[in-house]
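K.L.:
The sequence and its predicted three-dimensional model are supplied below.
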Amino acid sequence: MGRIYMDHSATTPVDADIAQAMVKFMTEDFGNPSSIHSFGRDVKKAVEEAREKVAKAIGADAREIIFTSGGTESDNAAIIGVATANCKKGSHIITSTIEHHAVLDTCHHLEKNGFKVTYLPVDEYGMVKAEDVAKAITDDTILITIMHANNEVGTIQPIAEIGRLAKEKGIYFHVDAVQTIGKIPVNVDELGVDLLSVSSHKIYGPKGVGCLYIRKGTRWTPITFGGAQERKRRAGTENTASIVGLGMAMEKAVANLEQEVTKLTKLRDKLINGITANIDHIQLNGHPTFRLPNNVNFSFHFIEGESLLLSLDMKGIAASSGSACTSGSLDPSHVLLAMGISHEVAHGSLRLTLGKMNTEEEVNYVLEVLPEIVERLRQMSPLYDQNYQPKKECCQHV
Amino acid sequence: MGRIYMDHSATTPVDADIAQAMVKFMTEDFGNPSSIHSFGRDVKKAVEEAREKVAKAIGADAREIIFTSGGTESDNAAIIGVATANCKKGSHIITSTIEHHAVLDTCHHLEKNGFKVTYLPVDEYGMVKAEDVAKAITDDTILITIMHANNEVGTIQPIAEIGRLAKEKGIYFHVDAVQTIGKIPVNVDELGVDLLSVSSHKIYGPKGVGCLYIRKGTRWTPITFGGAQERKRRAGTENTASIVGLGMAMEKAVANLEQEVTKLTKLRDKLINGITANIDHIQLNGHPTFRLPNNVNFSFHFIEGESLLLSLDMKGIAASSGSACTSGSLDPSHVLLAMGISHEVAHGSLRLTLGKMNTEEEVNYVLEVLPEIVERLRQMSPLYDQNYQPKKECCQHV
Amino acid sequence: MYSEKVMDHFQNPRNVGEITDASGVGEVGNPTCGDIMRIYLKVEDNVIKEVKFKTFGCGAAVATSSMVTEMVIGKTIDEALKITNQAVAEALDGLPPAKMHCSNLAADALHKAIEDYKNKLAG
Amino acid sequence: MYSEKVMDHFQNPRNVGEITDASGVGEVGNPTCGDIMRIYLKVEDNVIKEVKFKTFGCGAAVATSSMVTEMVIGKTIDEALKITNQAVAEALDGLPPAKMHCSNLAADALHKAIEDYKNKLAG
Ligand SMILES: Cc1ncc(COP(=O)(O)O)c(C=O)c1O
Ligand SMILES: Cc1ncc(COP(=O)(O)O)c(C=O)c1O
């Protein structure tokens, strides 16, 4: 068996036909779309076609789409752009404790600049409650930013409900949909969002490109300064080949949605059921049903995530973890902690995220090796010791 | 003769070997460099190798390089990053009137936020004077930002001299070197710069990627918020394939510098001499000798740049112009106006920027068609009328 | 960017030139915007018999100048006065948005030429 | 990321386990950081005859634990006390910078075990 990639929420390979199309836009149709000569016009047309495709995929108008350098820039631009443009109206922002750092760190930055931010808690399944959003709204609130589905535990948030609330109160609503495109339906009107972030490299498109949907009429100001590209909303020579790639990726993601979901859900449930059946002392993290069709996230008690990942890697399986030791920080995943999971248990988390190339055979292989690995690490772990529990307070001095 | 591309300062095609290498990093070595599994480690290594190449090309240390989404982001990050980090020390910035909009618009943005900016004038050749920089420095000055060579008229600025001044006074010095990599030597120590912007798509690398050199010890703060990538200096999943492409492009640009310069200079001078010999009522814009080896910029009196470009395009020649009508703005090139050129003459400018694929044959063809085109447009122009000059003041009502 | 019709009129402009003994001459334009259009008319029996133009400007400026001369030939003065910049743009299958205000002035030049003709008649 | 030696010790850790009648046991670690290391010693005539470890932690934590057990076997107590975390990291051909402070605690656990042994002797 070759290497098995089950880390699709981190990034995906670029589809071969997309990569090939991009080569053409790098080497032949390489013009600058701002140029008026034929080299420029050809690629300008391709960029606008990509914009149409992206817009169509989320039920938007092409003029409401700007291309960015990725999901992080889209999140930054959405939040800072709305905050800056509406600072006379108010200075309060509502978000949640389980957002991606691209949202959280942007909110922290704004706090340093005089904005107030409410970080809503989540329940044990990683779910934000719409009623908590309602309670947090004040006259000063200018923006609500909640992710569509969480990247670590896969929990799908009640976006449409929050969207209705936001609309009622006349508050702008931004949604980070980086993890949901191609996995659940994303329609800006049905969700009631004013701004929506997309990243290309999570949907079999190239890295370094993404887009931001900004509903017509939204008070918003750019965060990049320079050329008049993207109708003066994002400065910098357009990343033409990658934009073409993103357009193709969005079109495919939506076209294949149903069959993908069926396939992914089946594999996901096989993994969840298999792990649950064969390994003790575990817990499934995230919501049992409001869950991305490709997300599996378990905590394995008594062991640590990084050594689990390394062990899987040695068996040819690529996965990820909310362990602090995989991120270079001291604390494990802020998402798991926000769900009320203890540090110790959070450290022992494993995320397997499926993609379109994964097979049932691969799932079987994972189910075969995982129990052995967990057992081996537990045999090595002082926490697994039956007698350890009562001695817990003594862990500094035996 | 096929289409002739002489707009290399706008953008360049990606070298075929670079595009092919990128395909590999999109479809095979596609991992996220932050991942600890083998897919991630492989590409992490490639990213760090690219960083080494980039650093070596400009005489820097790899740890002083961060990858960005392009020249515009590099300029934004350099200026806003230094301004924000040093605002307690001072609030004055010195730049010039001929900078790229990525610098100028960033400075305008900072002016709205309480910073003071001096926009130094240039002489008739588009040259900033080091003594003007010296005079503009106050106790409050925290940053000088001057481009290495101008993108429109090709004038090379006295960067090393300004660098010495900046160092003497302990003021940070940022240089936009987007147009000089691969055309003249760029060494951060010889130039005495603290920050330096590079864009990949001007040197036969992919669009949507660039880098920023930040000298060790520089007080600087990031302008993007999110992940801990690039040692916490630039958030967002790394644009791995493009970073690899930029690394290759930088390495080649420096390796081939001398022979490129010789070749480009010869073609450039042939164009300049040929146009001067065969067309009346023209002027060369930019410095006659302190000039990029690939830049030709003329104003053709009595005619307008866009119609010149369209006419050339119809003959298969791609060029650019400082005409307002090519940019959708009302004023022609701010660079030409800053050099003291009248609106009328500035409108009639033509920029031909050579690249490594251009041949002497192509230059001959341009020299053959250009005089006819200019003559044809002049025949159509009311300004070319011998009698027009004295009636100039009557142009609203005959 | 430009329609085929615009490119055709730019490439093969109709009625370029001057009329030395013109009945009326009209000029509009703004060197700041980079467009100057001059229209020469030859009027007989209140009908435009001949029309020529000279234009300094972008592709749209040249094409609209050329198009307006085609539209106006054989028309009476009153008919000619009804031609709008909008109509000229439409006859060219439209212009890019950025060009609608800046370079779409040919009908204005025509109207000025007619004004000049009327002034000369009156004066 | 990790050197080959680290990966080797992670994959084939030496001396995993417990010593039921240990002369001394030492444990360090911090559940916040995700590392707990416990070292068991069997000391005879002031010489470390046997050593075992149990570790909850990342690859570096496992590898440093394993390495320290290899380094210490056959050493006298005094020699063992001279082994530093730094020396363990070096014996593994280095650790990634982020791991130097967080997971490089095996020598501390060893020293605690020795301390425990001395206390038992004394007490
Ligand atoms: C939910 C979420 N938001 C934002 C991002 C950032 O996107 P990008 O990697 O394109 O910067 C990611 C992925 O890293 C994500 O999972
Ligand atoms: C001098 C200069 N600076 C900055 C830029 C912006 O670079 P990029 O197109 O990569 O955003 C350009 C090119 O457009 C340039 O010529």
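P.N.:
Thanks, I have it. Residues are numbered from 1 along each chain as shown, chains lettered A, B, ... in the order given. Ligands and ions are numbered 1, 2, ... in the order given.

K.L.:
would you list every one of the strands in the stretch 151-300 of chain A?
P.N.:
Taking DSSP state E, counting those that start in this stretch as the test, the strands found in the stretch 151-300 of chain A are A:172-176, A:195-199, A:210-214, A:282-284, A:295-300.

K.L.:
Export those to TSV and append columns for mean pLDDT, distance to chain B and mean neighbour count.
P.N.:
Where C-beta positions appear, they are placed from N, C-alpha and C, glycine not excepted. Below are the strands of the stretch 151-300 of chain A laid out as TSV (pLDDT from 0 to 100; distance: least, CB to the nearest CB, whole Å; neighbours: other CB atoms under 10 Å in any protein chain shown):
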stretch	mean pLDDT	distance to chain B	mean neighbour count
strand A:172-176	98	11	28
strand A:195-199	98	8	30
strand A:210-214	98	9	28
strand A:282-284	98	21	16
strand A:295-300	98	16	26
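
K.L.:
Using CSV, write out every CA atom in stretch A:261-281.
P.N.:
Coordinates of the C-alpha atoms in stretch A:261-281 are reproduced here as CSV (Å, rounded to 0.1, in the frame of the first residue of the first chain):
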residue,chain,number,x,y,z
VAL,A,261,-20.7,13.7,0.3
THR,A,262,-22.2,10.2,-0.1
LYS,A,263,-18.7,8.7,-0.6
LEU,A,264,-17.0,10.7,2.2
THR,A,265,-19.8,10.1,4.7
LYS,A,266,-19.6,6.3,4.1
LEU,A,267,-15.8,6.3,4.7
ARG,A,268,-16.1,8.6,7.6
ASP,A,269,-18.6,6.5,9.4
LYS,A,270,-16.7,3.4,8.7
LEU,A,271,-13.7,5.0,10.4
ILE,A,272,-15.7,6.3,13.3
ASN,A,273,-17.4,3.0,13.9
GLY,A,274,-14.3,0.9,13.4
ILE,A,275,-12.3,3.0,15.9
THR,A,276,-15.1,3.0,18.4
ALA,A,277,-15.4,-0.7,18.2
ASN,A,278,-11.8,-1.6,18.5
ILE,A,279,-10.2,0.9,20.8
ASP,A,280,-11.1,1.6,24.5
HIS,A,281,-10.7,4.8,26.4
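
K.L.:
That stretch and chain D, any residue contact?
P.N.:
No: Stretch A:261-281 lies out of reach of chain D by CB under 8 Å from any CB of the partner chain, never closer than 13.3 Å.

K.L.:
hmm, back to that, now for the strands of the stretch 151-300 of chain A, which one comes closest to B:Leu120?
P.N.:
strand A:210-214 (35.7 Å; CB to CB).

K.L.:
returning to what we had before: and the strands of the stretch 151-300 of chain A as a markdown table, adding distance to B:Ala136?
P.N.:
Formatted as a markdown table, those follow (distance: least, CB to CB, whole Å):
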| stretch | distance to B:Ala136 |
| --- | --- |
| strand A:172-176 | 42 |
| strand A:195-199 | 41 |
| strand A:210-214 | 38 |
| strand A:282-284 | 64 |
| strand A:295-300 | 57 |
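
K.L.:
of all those, which lies closest to ligand 2?
P.N.:
Closest approach to ligand 2 among those (CB to the nearest ligand atom): strand A:210-214, 16.4 Å.

K.L.:
Now do the closest one against strand A:195-199: the angle between them, please.
P.N.:
Angle, strand A:210-214 to strand A:195-199, by axes from the mean of the first three to the mean of the last three CA atoms, to 10 degrees: 170 degrees.

K.L.:
partner strands of strand A:210-214, parallel or antiparallel?
P.N.:
strand A:65-68 (antiparallel), strand A:195-199 (antiparallel) (DSSP bridges).

K.L.:
Extract the C-alpha trace of the longest helix belonging to chain C and format it as CSV.
P.N.:
If you go by DSSP state H, chain C has its longest helix at helix C:106-122. Taking Å, rounded to 0.1, in the frame of the first residue of the first chain, the C-alpha atoms of helix C:106-122 are listed here in CSV:
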residue,chain,number,x,y,z
ALA,C,106,-18.0,63.1,-30.7
ALA,C,107,-21.7,64.2,-30.7
ASP,C,108,-20.7,67.2,-28.6
ALA,C,109,-18.1,68.1,-31.3
LEU,C,110,-20.7,67.7,-34.0
HIS,C,111,-23.2,70.0,-32.1
LYS,C,112,-20.5,72.6,-31.7
ALA,C,113,-19.8,72.5,-35.4
ILE,C,114,-23.5,73.0,-36.1
GLU,C,115,-23.5,75.9,-33.6
ASP,C,116,-20.5,77.4,-35.4
TYR,C,117,-22.4,77.0,-38.7
LYS,C,118,-25.5,78.7,-37.3
ASN,C,119,-23.4,81.5,-35.8
LYS,C,120,-21.7,82.1,-39.1
LEU,C,121,-25.1,82.1,-40.9
ALA,C,122,-26.5,84.6,-38.3
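
K.L.:
how about the helix or strand of chain C with the lowest mean pLDDT: buried residues?
P.N.:
Between all helices and strands in chain C, the lowest mean by mean pLDDT, DSSP states H and E belongs to helix C:97-102, at a mean of 80. Residues of helix C:97-102 classed as buried under the neighbour-count rule (16 or more other CB atoms under 10 Å in any protein chain shown) are C:Lys99, C:Cys102.
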